[in-house]
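Colleague: sequence? don't have it. structure:
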């Protein structure tokens, strides 16, 4: 099980995104639940990023909805730092 840590940037982006795309709330909840269980679950299409974002991962929570995150291991804890959420164009 992974512990999800929510960054301030993610909180701001999430509020803004949900106001505009409230119909994706269920998909986002599902993706976050899957991330906490297994960040590489095939149902959320997790992939490693390249370029300026090479240390990060992204997963899908809808056709044009992405969650950016990093995976960190601290001693025995597995942590996922949620960094950003938004459309494909917004987060990349």
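Modeller: Perfect, I can see it now. Because the structure is a prediction, the values reported are computed rather than measured. Residues are numbered from 1 along each chain as shown.
Colleague: Helices along this structure, start to end?
Modeller: Assigned by DSSP state H, the chain shows helices spanning 8-20, 25-37, 88-91.
Colleague: Which residues outside the worst-scoring helix or strand of the chain on mean pLDDT are in contact with it?
Modeller: Among the secondary structure pieces of the chain, namely its helices and strands, helix 88-91 has the lowest mean (mean pLDDT, DSSP states H and E), a mean of 88. Contact with helix 88-91 is made by 13, 58, 64, 66, 68, 84-85, as judged by CB atoms under 8 Å, 6 or more residues apart in numbering. Using the backbone N, CA and C atoms, a C-beta is placed for each residue, glycine as well.
Colleague: Just list whatever residues bridge to the residue nearest the centre of the chain.
Modeller: The centre of the chain sits closest to residue 67, judged by CA atoms, centre = their mean, with a distance of 2.8 Å. Taking DSSP bridges, one finds residue 59, residue 85 as the beta-bridge partners of residue 67.
Colleague: And for residue 47?
Modeller: residue 58.
Colleague: residues in contact with it?
Modeller: 57-59.
Colleague: Make a PyMOL selection of the buried ones in these.
Modeller: In PyMOL syntax, the buried subset of these is picked out as below (16 or more other CB atoms under 10 Å):
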select buried, resi 57+58+59
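Colleague: a markdown table for the contacts of residue 47, including distance to residue 25 and pLDDT?
Modeller: Rendered in a markdown table, the data for the contacts of residue 47 read as follows (distance: CB to CB, whole Å; pLDDT from 0 to 100):
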| residue | distance to residue 25 | pLDDT |
| --- | --- | --- |
| 57 | 22 | 97 |
| 58 | 19 | 97 |
| 59 | 16 | 97 |
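Colleague: For residue 45, state which of the contacts of residue 47 is nearest.
Modeller: Each of the contacts of residue 47 was scored against residue 45 by CB to CB, and residue 59 proved nearest at 6.1 Å.
Colleague: what's the spacing between residue 90 and residue 37?
Modeller: 26 Å (CB to CB, to the nearest Å).
Colleague: Looking at those two, which is more packed in?
Modeller: For residue 90 and residue 37, the more surrounded residue by other CB atoms under 10 Å is residue 90, and the numbers stand at 14 against 9.
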